[in-house]
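J.: 3D, please:
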Amino acid sequence: MVDNLKQNIPTIQIILGYILYIVILVVSSLTAAILWIIFNIYIWLACSIALKTYNVKSFIYILCYSGISIAISIFFISGVEQLAYPEGALMFNVDNIMKACLLFFISTIPIIIFAYNSNPIAEVANKEPAVINNKNNREDWEEATLEDIRSGDYEAL
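T.: Sure thing, here's the model as predicted:
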C-alpha cells in the first residue's frame, strides 16, 4: 500500500499543481500562474527523483502539457479581448495570438514525435541485419547478362 502511494505521489502532485494553476490564473494574473507552473514542474522533478520514479518520457510529457496549457491561457487572456462597445464585440490581438500559436506548436512537436516514432533506432538496427542475412544466404548467385535476359535462361530470385 505504501509503495503504491509512493508511486502515485508525483502524479497527484502534478494534478493538484495544474488545478492550482487554473485557480491562480482566474484569481491573480497570467504571470503568477506561469511562475507557479514552472515551480510545480520543479517540485514534481525533485519529488520523482527523490522517490525514484523519475521517467524522461513523463518529464517531456509534463513539459509539453504545461506549454499547451500556457499557450491556451495566453490565447484567451491576451489574444482575444472583449470590447465594451458595441456590446459583445471581440477584438483579436494578432501578436499575442501568434505567440500562443507558436508556443502551442513547439509544445506539441515532442508529443507527436513520441506518439508516432516510439523507438526509431531499434527499428533501423533490426532492419539492417535482415538485409545482410539476405545477402549472405544468396552468395552463389550471379548477375544475369544481357544475353541471358534476352534468351530467358535465368532464374529470378
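J.: Which helix or which strand is home to Glu143?
T.: Assigned by DSSP states H and E, Glu143 falls within no helix or strand.
J.: Tell me, how many residues neighbour it?
T.: 6 (other Cβ atoms under 10 Å). C-beta: built from backbone N, CA, C; applies to glycine.
J.: mind pulling up the phi and psi values for it?
T.: phi -80, psi 140 (degrees, to the nearest 10).
J.: quick one: it from Glu155, how far?
T.: According to Cβ to Cβ, to the nearest Å, Glu143 stands 12 Å off from Glu155.
J.: what do you get for Glu147?
T.: 15 Å.
J.: cool, Ile24 as well?
T.: Distance from Ile24 to Glu155, by Cβ to Cβ: 75 Å.
J.: which of the two has more neighbours?
T.: Set side by side, Ile24 and Glu155 show unequal neighbour counts under other Cβ under 10 Å, the larger going to Ile24 at 18 against 7.
J.: What's the first helix or strand after the helix or strand that contains that one?
T.: Assigned by DSSP H and E, Ile24 belongs to helix 2-27. Per DSSP H and E, the first helix or strand lying C-terminal to helix 2-27 is helix 30-50.
J.: List the buried residues of the helix or strand that comes right after that following helix.
T.: Per DSSP H and E, the first helix or strand lying C-terminal to helix 30-50 is helix 56-74. Within helix 56-74, the residues scored as buried using 16 or more other Cβ atoms under 10 Å are 62, 64-71, 73-74.
J.: Give me the helix or strand of this protein that scores worst on average pLDDT.
T.: In the chain, no helix or strand scores lower on mean pLDDT, DSSP states H and E than helix 120-137, which sits at a mean of 52.
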